[in-house]
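Enquirer: return atomic coordinates for the entry below.
(2 chains)
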Amino acid sequence: MAEDRINSTEIILNSIADGVFTVDRDWRITSFNRAAEEITGILKDEAIGSRCCDVFHASICETSCALRETFESGRPVINRAVYVVDADGNRIPISISTAVLKDDGGNIVGGVETFRDLSTIEELRRKLQKQYSFYDIISKNNEMLQIFDILPGIAESDSTVLIEGETGTGKELIARAIHSLSHRQEKPFVAVNCGALPDTLLESELFGYKAGAFTDARRDKPGRFALADTGTLFLDEIADISPALQVRLLRVIQERTYEPLGATEPVQSDVRIIAASNRDLDELVKSGQFREDLYYRVNVIRINLPPLRDRKEDIPLLVDHFIRRFNNLKKKLITDISPDALAVLASYNYPGNIRELENIIEHAFVLCRGTTINTDALPESVCPKSSSPVARPMSMDDVEANYIKEVLARHDWNRRESAEELEMHKTTLWRKMKRLGIQQLDKQ
Amino acid sequence: MSWWGRFGMNSALRMNTMTKIAIPTWKGRVSPVMDTARVLMIAEWSEGHEVSKTTVEIPLIGISHLAQFLRDLRIDALICGAISHHLEHMLITVGVKPYPWYRGDVDKIVAAYLGGFLHNENFLLPGCRRRGRGGGRCRRGRASFDTNIQIEEE
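Expert: From the prediction side, this is the model:
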């Protein structure tokens, strides 16, 4: 009878797709199902009786064994993402869950670990990541994907481009992408931050000077226009240049010639200009702070980059990207971010946009003690360390509710328009609002 | 008598050369996964005598930096447990000879290496014994040691 029961348990275990093994209190493997054999590449006969870490080879065996955690806390671990090194030396991404095994008297006699091969999901994730990245720019936001679509055409055209967007939205990355896609890709890409230099310096920086042009000019110095010859010149913060310099810049764009300081002959210029501004040039033209004729010369093709708060769906992708980048730069081995920390990041407003998110992750890298970024590694400006007992981490429902409220507020609580932006049916939106308890403030 | 004294020494150690080996350790045993090991035992031998023995903490770094880290420590050979083939190739590239897929007490592993019987089945991780006969991962980088020595079950 007992033997029949063991046999049927084995049949059931062998018929499921998840790997399952059990251990006794000495960490020796007592059962090992067929899926476990397939995922680890180790036969049941060799696994039984061995220490689980000698068979399982998981990334957490040494530092944060999930079974040990379950033994110590009595609580199960559910779906923790780790990797195992299989018998052929491949790193297999898996998700594991653990629970304790008790005898009839309620005594802990061992533990059970189930694990699922995530290779296919990981492969899909990588493909998606590739699909959502374009020359170092990462996004799955519709507006950004449309920009990715038109960039090759813009690059080919050789026209002057104006990139508008708040600070930290990636204007220079877009400019670099246009350059890399254009026929000028082998030629220089020169970037100038017009807001960083006083007017007189900026003039000599852009156009260069001849020896003797002023007291300290002992020899000729080529300007950025000369350095970028046959390539691309990126003029960042163009709104900050003085009216006098605006006139000189207009002349270069119109006539394709310029005169270095102290020169008597004009110099031909073959440079593609990409300008960028974090201020609304339309408004500056209306208020007379920016020349209208220069504006029309610069604004041949215009690209508007949305702020990060309007493309929060990109936050997980960007966090993942920055974790990989800082792992390389800082020689660290941080694997992921906890759901709580990600929820905090998703609910933040990002006045500094993607650059601010990058800084947040860099800050977290300094404070992170293990391999996962938790809320305690986030800066206080993002995740206030409140001593108040009412403070609690946001749940995914809170994050979803906040995001829906934001979209609704943007569309004056028009459900049809909001549903369109959220890419869901308006009935779905209504159901979500009901479930999450979202009501228009003046109707509450 | 020390472990290496009870058996014949590894031929590399019989010569008048300095050998520096490293073993990732965890609770006195070989760490289960080299890629995520945290402590490294490093021992140097010259003419069969232990010259020095230290442990160093392995920083939390990616595998390319990990290979560089071992190279900078001037490790000749690394005896370890499971290892991703990516890291194994990186080690070979930087000049560190890996002896992967071992398990057991570090002292016994060291003695086995010095005595030339490291590839005794009892030191091999499960999965290795089966594959070792016909090829596969366990034949990679393995030295031709004497096998006729019985070791207590690990």
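
Enquirer: check contacts around B:Ala43.
Expert: B:20-22, B:50, B:52-54, B:110 (C-beta atoms under 8 Å, 6 or more residues apart in numbering or on different chains). C-beta: built from backbone N, CA, C; applies to glycine.

Enquirer: looking at those residues, which is nearest A:Val247?
Expert: B:Ala22 (68.2 Å; C-beta to C-beta).

Enquirer: is chain A contacted by the one helix or strand that closest one maps to?
Expert: Assigned by DSSP states H and E, B:Ala22 falls within strand B:18-26. Yes - remark: strand B:18-26 sits within contact range of chain A at B:Trp26, by C-beta under 8 Å from any C-beta of the partner chain.

Enquirer: let's see that strand as PDB, backbone CA atoms only.
Expert: Taking Å, rounded to 0.1, in the frame of the first residue of the first chain, the C-alpha atoms of strand B:18-26 are listed here in PDB:
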ATOM      1  CA  MET B  18      56.800  27.600  -7.300                       C
ATOM      2  CA  THR B  19      53.100  26.700  -7.800                       C
ATOM      3  CA  LYS B  20      50.200  28.900  -6.700                       C
ATOM      4  CA  ILE B  21      46.800  27.300  -6.600                       C
ATOM      5  CA  ALA B  22      43.500  28.800  -5.600                       C
ATOM      6  CA  ILE B  23      40.300  27.100  -4.400                       C
ATOM      7  CA  PRO B  24      37.000  28.900  -3.800                       C
ATOM      8  CA  THR B  25      35.900  27.800  -0.300                       C
ATOM      9  CA  TRP B  26      32.700  27.800   1.600                       C
END
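
Enquirer: now it, how far from the centre of its chain.
Expert: Centroid separation between strand B:18-26 and its chain, computed with C-alpha atoms, centre = their mean, to the nearest Å, is 6 Å.

Enquirer: and the next element down the chain from that strand?
Expert: Next along from strand B:18-26, by DSSP H and E: strand B:29-30.

Enquirer: for that following strand, what is the distance to the chain centroid?
Expert: 10 Å.

Enquirer: kindly report the same for stretch A:265-284.
Expert: Centre-to-centre, stretch A:265-284 and its host chain are 29 Å apart (C-alpha atoms, centre = their mean).

Enquirer: likewise stretch A:128-146?
Expert: Stretch A:128-146 sits 10 Å away from the centroid of its parent chain (C-alpha atoms, centre = their mean).

Enquirer: mind listing what's buried in it?
Expert: A:132, A:134, A:137-141, A:144 (16 or more other C-beta atoms under 10 Å in any protein chain shown).

Enquirer: which members of those residues occur in strands, if any?
Expert: A:134, A:137-138 (DSSP state E).

Enquirer: circling back to that earlier point, looking at the contacts of B:Ala43, spot the one nearest chain A.
Expert: Closest to chain A out of the contacts of B:Ala43 is B:Ala22 (16.1 Å), distances taken as C-beta to the nearest C-beta.

Enquirer: in the sheet, who's paired with that closest one?
Expert: On the basis of DSSP bridges, B:Ala22 is bridged to B:Ile42, B:Leu78.

Enquirer: and the residue nearest the centre of chain B, how far is that from chain A?
Expert: Taking C-alpha atoms, centre = their mean, the centroid of chain B lies closest to B:Ile79, which sits 1.5 Å from it. Relative to chain A, B:Ile79 is positioned 15 Å away (criterion: C-beta to the nearest C-beta, to the nearest Å).

Enquirer: just checking, that residue touches B:Phe123?
Expert: No - with contacts counted by C-beta atoms under 8 Å, B:Ile79 stays clear of B:Phe123, the gap being 9.2 Å.

Enquirer: find residues that contact each of the two.
Expert: Joint contacts of B:Ile79 and B:Phe123 (C-beta under 8 Å, 6+ apart) are B:102, B:109.

Enquirer: out of the buried residues of stretch A:128-146, which one sits closest to A:Arg176?
Expert: The closest of the buried residues of stretch A:128-146, once distances to A:Arg176 are taken by C-beta to C-beta, is A:Ile137, at 9.1 Å.

Enquirer: so for the closest one, what's the pLDDT?
Expert: For A:Ile137, the model assigns a pLDDT of 90.

Enquirer: hmm, it is touching A:Arg176, no?
Expert: No - if you go by C-beta under 8 Å, A:Ile137 and A:Arg176 don't touch, sitting 9.1 Å apart.

Enquirer: now do the contacts for the closest residue to A:Thr257 other than its chain neighbours.
Expert: Once flanking residues are discounted, A:Thr257 sits nearest to A:Pro266: 4.1 Å by C-beta to C-beta, 6 or more residues apart in numbering or on different chains. A:Pro266 sits next to A:257-259 when contact means C-beta under 8 Å, 6+ apart.

Enquirer: any idea how far stretch B:114-123 is from the middle of the chain?
Expert: Worked out by C-alpha atoms, centre = their mean, stretch B:114-123 lies 10 Å from the chain centre.

Enquirer: buried sites along that stretch?
Expert: Neighbour-count burial for stretch B:114-123 [16+ other C-beta under 10 Å]: B:114-120, B:123.

Enquirer: report how many residues lie close to residue 64.
Expert: By default, I'm working from chain A. Other residues lying near A:Ser64 total 17 when counted by other C-beta atoms under 10 Å in any protein chain shown.

Enquirer: should've been chain B
Expert: B:Ser64: 15 neighbours (other C-beta under 10 Å).

Enquirer: ok, now the one 4 residues further on?
Expert: Counted by other C-beta under 10 Å, the residues lying close to B:Gln68 total 16.

Enquirer: check A:Lys221 too.
Expert: By the measure other C-beta under 10 Å, the count of residues near A:Lys221 is 17.

Enquirer: so it bridges to which residues?
Expert: With DSSP bridges as the rule, A:Lys221 is bridged to A:Tyr209.

Enquirer: roughly how far apart are it and A:Asn14?
Expert: Distance of A:Lys221 to A:Asn14, computed by C-beta to C-beta, to the nearest Å: 77 Å.

Enquirer: can you name the residue of the stretch 151-300 of chain A nearest chain B?
Expert: Counting by C-beta to the nearest C-beta, the stretch 151-300 of chain A gets nearest chain B through A:Leu173, at 24.2 Å.

Enquirer: skipping adjacent residues, who's closest to that residue in space?
Expert: A:Ile137 (5.0 Å).

Enquirer: dig out what the one you found forms beta bridges with.
Expert: Beta-bridge partners recorded for A:Ile137 (DSSP bridges): A:Phe134.
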